[in-house]
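Novice: Could you look at this predicted model? Sequence included:
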Amino acid sequence: MAFSLLVSLAVLGSDPVKGTPLDTRCNFSGKVLDKTNLEALTGAIIEIKELGTSTYASFDGSFTFQNTPVGRYTVVVKYVGYIDQTFTDVAISGSAISEKFRLTSY
């Protein structure tokens with residue numbers, strides 16, 4: 001089995017505290033699904049290595065990292081019964097994108 005991690009980015013406005021420009025931070029969000037049956041993988045762990053931050057997929061498989069700095073990152077996705085998968089050079093660019101990641105089960 002494998003699952004898809006659909007990733008989209010939504011642009012945020014300027015950071016009112018730091019005054020950062022529009023394109024330097026954005027929300028990094030997506031959905032974690034089983035590739036075969038498209039069911040949500042509730043509780044999957046999504047980690048951005050370089051930022052040292054992680055989150056869990058909610059009941060519908062969705063996740064969001066808020067105010068993520070624009071850049072290229074290594075994203076690690078883990079779920080019980082699946083092989084941990086590392087995705088390198090994931091671009092968070094401040095513009096809306098959609099990516100699919102595949103993970104294979106044991």
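Specialist: Now that the structure is in, tell me what you want to look at. Numbering: from 1, shown residues only.

Novice: residues in contact with the closest residue in space to Thr53 that isn't next to it in sequence?
Specialist: Residue nearest to Thr53 in three dimensions, not counting chain neighbours: Phe65, with 6.6 Å by Cβ to Cβ, 6 or more residues apart in numbering. Every C-beta, even on glycine, is put in place using the N, C-alpha and C of the backbone. Residues near Phe65 by Cβ atoms under 8 Å, 6 or more residues apart in numbering: Asn27, Phe28, Ser29, Ile46, Ile48, Thr53, Thr55.

Novice: Which other helices and strands does the host helix or strand of the first one contact?
Specialist: Using DSSP states H and E, Asn27 falls within strand 25-34. With contacts defined as 3 or more Cβ pairs under 8 Å, 6 or more residues apart in numbering; DSSP states H and E, the secondary structure elements packing on strand 25-34 are strand 2-11, strand 45-48, strand 62-69.

Novice: If you average pLDDT over each of these, which is lowest?
Specialist: Across the helices and strands packed on strand 25-34, strand 2-11 has the smallest mean pLDDT, namely a mean of 47.

Novice: Help me confirm that Glu50 is found in a helix?
Specialist: Yes - with DSSP: H, G, I helix; E, B strand; the rest coil as the criterion, Glu50 is part of a helix.

Novice: how close does the residue nearest to Thr53 get to Arg72?
Specialist: 15 Å (Cβ to Cβ, to the nearest Å).

Novice: Over to Ser62?
Specialist: Ser62 sits 23 Å away from Arg72, going by Cβ to Cβ.

Novice: With Thr64 instead?
Specialist: According to Cβ to Cβ, Thr64 stands 19 Å off from Arg72.

Novice: returning to what we had before: show me what the residue nearest to Thr53 bridges to in the sheet.
Specialist: Here Phe65 sits in beta bridges with Phe28, going by DSSP bridges.

Novice: Check Tyr82 too.
Specialist: Here Tyr82, judged by DSSP bridges, has bridge partners Ser105.

Novice: Many thanks, I have nothing further to ask.
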